[in-house]
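Asks: Here's my sequence, what's the structure:
(one chain, ligands or ions: 1)
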Amino acid sequence: MKKYLIRTFGCQMNEHDSEKISWVLEGMNYRSTDREEDADLIIFNTCAVRKSAEERVYGQIGELKRLKRIKPGLIISICGCMMQRDEVLEIITSKHRHVDIIFGTNNIHKLPQLINNHEKTGETIIDIVEENREIDESIEANRKYSFKSFVNITYGCNNFCTYCIVPYTRGRERSREPEYIIEEIEKLAKTGCKEVTLLGQNVNSYGKTLDKEYSFADLIRDIHKIDGIERIRFMTSHPKDISDELISLYGELDKLCNQLHLPIQSGSNRILKLMNRKYTREDYLKIIDKVRRVKPDISITTDLIVGFPGETEDDFNDTLDLVKKVGFDSAFTFLYSVREGTPAANMKDQVDDEVKNQRFQRLMEVLHPIGLEYNRRYLDQTVEVLVEEVSKNNEEILNGRTNSGKLVHFKGDKGLIGELVDVRITKAKTFTLEGVLVDQ
Ligand code: SF4
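Replies: Below you'll find the model as predicted:
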């Protein structure tokens, strides 16, 4: 029996694509391994969002030259967002000739055919389509967890934020037909899935490409009716598309998790305009106000980019001010890095690295105490936790998440993995909570 290994870079979308690749390969009688030496097929599912991730991919592919020399039958394949970029394709085909199969983000379903072609001809097979309006519903996923699952609801993005490569690598936005999504989640629920995370580059615009009137809020309402599903999450939201209808669901549907991840990116209107985000800080603050009126204790998280081209001290201070005004539970924070192929890469006034690092540090100094303060509110409270895994550092400790997305560590038996349990919180840290299991 042949063995495969998938190395995944990037976001949840890519993680879920890897689950689909795994499903396709298991259908071809491949089995997974985590040892490169044992693998007959190694696939890199790549991310193009950051240059550093691309460089890591080149480094790891280069290292496989030695293994390929010892094991000439080893198939090395690269797929994902990087492969949609012409410059990358050029580098791979000229400098990494030991790569056998290259395929794009829209071609996972063709993998058996690509492997067969390579095996027959021994040649490098390249199969990348620029855009695939049709969504292939025949591919399932070999999911990492049985009790929580990612479910795609949209593919691609139409927003063209000036720093982002995604619209060029994932193509234009397409929504899946609701019937397919509901059917997939019903199946998941029957096999023990309790939590679904609905995935899309901009889930709030779900439905816009459908032939009928059906919104993201309609979809959530329909998923809420599915027996067995206890928690509904979604990633990622765009402030310009979040609707009042969706916000009102936080007050109506108890399975909709008490968490909203709403990327702001910058607190400066001037920078938001340069980023082509199509909202202002005032718009964003209004949304937060509405959400908190419906759900006062909701956990709000965000994404922030520090050092976007042209960001002045005043712009950065606007970001700090917005962070304080909103009071985020936590944030994914990024130092702006030039992404070739995006408009921002050619903007003047790129910010000096030292300035970016200093601003980043100052941002952390504002974010962390707020996060800690929110976490302290959980002290002595009993919260419901979905148990996810055994801690990597201590096998007596379990990790799980609250409805609001907080990571909780507590002592427990690994037989509880996949269960919803009650945990009393005894310690609050900046990024995590600790607690003790409450007798059920
Ligand atoms: S909304 Fe903007 S940041 Fe998000 S994927 Fe689309 S272009 Fe990229």
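Asks: Just give the nearest non-adjacent residue to the residue in the stretch 201-350 of the chain positioned nearest to the ligand, would you?
Replies: Per Cβ to the nearest ligand atom, Gln201 is where the stretch 201-350 of the chain lies closest to the ligand, at 3.8 Å. Every C-beta, even on glycine, is put in place using the N, C-alpha and C of the backbone. Leaving out its chain neighbours, the residue that sits closest to Gln201 by Cβ to Cβ, 6 or more residues apart in numbering is Cys157, at 3.9 Å.
Asks: circling back to that earlier point, and the residue of the stretch 201-350 of the chain closest to the ligand, that one's in a helix?
Replies: No: counting by DSSP: H, G, I helix; E, B strand; the rest coil, Gln201 is located in no helix; its state is coil.
Asks: tell me the contacts of it?
Replies: Met13, Thr154, Tyr155, Gly156, Cys157, Asn159, Val166, Arg170, Glu173, Thr236 (Cβ atoms under 8 Å, 6 or more residues apart in numbering).
Asks: can you check Ile165 too?
Replies: Ala48, Val49, Cys81, Arg85, Arg339, Gly341, Thr342.
Asks: mind listing the helices for the stretch 1-150 of the chain?
Replies: 12-27, 51-70, 86-95, 111-121 (DSSP state H, counting those that start in this stretch).
Asks: typo on my end, the stretch 301-440 of the chain
Replies: Going by DSSP H, counting those that start in this stretch, the stretch 301-440 of the chain shows helices at 313-326, 353-376.
Asks: Which strands or helices does the first one pack on?
Replies: Other helices and strands packing on helix 313-326, by 3 or more Cβ pairs under 8 Å, 6 or more residues apart in numbering; DSSP states H and E, are helix 269-274, helix 281-294, strand 299-306, helix 353-376.
Asks: Just the buried positions in the last one, please.
Replies: Translated: helix 353-376. Lys356, Arg359, Phe360, Leu363, Leu367, Ile370, Gly371, Tyr374, Asn375 (16 or more other Cβ atoms under 10 Å).
Asks: try the second one
Replies: By neighbour count, with 16+ other Cβ under 10 Å as the criterion, the buried positions of helix 281-294 are Arg281, Asp283, Tyr284, Ile287, Ile288, Val291, Arg292.
Asks: wait, isn't Val351 in contact with Glu311?
Replies: Yes: shown here, Val351 and Glu311 form a contact pair, counting by Cβ atoms under 8 Å, at 5.5 Å.
Asks: Save the buried residues of helix 353-376 as a markdown table, and put in pLDDT too.
Replies: As requested, these are exported to a markdown table (pLDDT from 0 to 100):
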| residue | pLDDT |
| --- | --- |
| Lys356 | 97 |
| Arg359 | 98 |
| Phe360 | 98 |
| Leu363 | 98 |
| Leu367 | 98 |
| Ile370 | 97 |
| Gly371 | 97 |
| Tyr374 | 97 |
| Asn375 | 97 |
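Asks: What does the pLDDT read for Ser404?
Replies: For Ser404, the model assigns a pLDDT of 97.
Asks: How about it: what's its closest non-neighbour residue?
Replies: Ser299 is the one closest to Ser404 (Cβ to Cβ, 6+ apart), at 3.9 Å.
Asks: send the alpha carbons of stretch 228-244 over as PDB?
Replies: Extracted in PDB, the C-alpha atoms of stretch 228-244 (Å, rounded to 0.1, in the frame of the first residue of the first chain):
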ATOM      1  CA  GLY A 228     -26.700  17.100  16.700                       C
ATOM      2  CA  ILE A 229     -24.900  20.400  15.600                       C
ATOM      3  CA  GLU A 230     -24.300  22.300  18.900                       C
ATOM      4  CA  ARG A 231     -22.000  25.100  17.700                       C
ATOM      5  CA  ILE A 232     -21.900  27.200  14.600                       C
ATOM      6  CA  ARG A 233     -18.800  29.400  13.900                       C
ATOM      7  CA  PHE A 234     -17.700  31.200  10.700                       C
ATOM      8  CA  MET A 235     -14.500  32.700   9.300                       C
ATOM      9  CA  THR A 236     -13.800  35.300   7.900                       C
ATOM     10  CA  SER A 237     -16.100  38.300   8.000                       C
ATOM     11  CA  HIS A 238     -15.800  41.500   6.100                       C
ATOM     12  CA  PRO A 239     -17.100  44.600   7.900                       C
ATOM     13  CA  LYS A 240     -18.600  46.100   4.700                       C
ATOM     14  CA  ASP A 241     -20.800  43.100   4.200                       C
ATOM     15  CA  ILE A 242     -22.000  42.200   7.700                       C
ATOM     16  CA  SER A 243     -25.700  42.600   7.800                       C
ATOM     17  CA  ASP A 244     -28.100  43.700  10.500                       C
END
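Asks: The chain should start at 39 in everything you say after this.
Replies: With 39 as the first residue, the last one maps to stretch 266-282.
Asks: pLDDT weak spots in the stretch 139-288 of the chain?
Replies: 168-171 (pLDDT under 70).
Asks: any chance you could map the strands in it?
Replies: Taking DSSP state E, counting those that start in this stretch, the strands of the stretch 139-288 of the chain run over residues 139-141, 163-165, 186-190, 192-193, 212-213, 233-237, 269-273.
Asks: Which positions within stretch 414-423 qualify as buried?
Replies: In stretch 414-423, counting by 16+ other Cβ under 10 Å, buried: Tyr416, Val421, Val423.
Asks: bridging residues for the residue nearest to the first one when sequence neighbours are not counted?
Replies: Of all residues not flanking Tyr416 in the chain, Ile463 sits nearest, at 4.4 Å (Cβ to Cβ, 6+ apart). Per DSSP bridges, residues listed as beta-bridge partners of Ile463: Gly473.
Asks: how much space is there between Ile463 and Leu43?
Replies: 38 Å (Cβ to Cβ, to the nearest Å).
Asks: phi, psi of Arg377?
Replies: Main-chain torsions, Arg377, degrees, to the nearest 10: phi -120, psi 100.
Asks: Would you confirm that it contacts Ala383?
Replies: Yes: shown here, Arg377 and Ala383 form a contact pair, counting by Cβ under 8 Å, at 5.8 Å.
Asks: Which of those two has more residues huddled nearby?
Replies: Neighbour totals were compared for Arg377 and Ala383, and Arg377 leads with 19 against 15 (other Cβ atoms under 10 Å).
Asks: if I look at the nearest residue to that one once chain neighbours are set aside, how far off is Asn384?
Replies: With Cβ to Cβ, 6+ apart as the criterion, Arg377 has its nearest non-adjacent residue at 5.3 Å, and that residue is Ile203. Per Cβ to Cβ, Ile203 is found 14 Å from Asn384.
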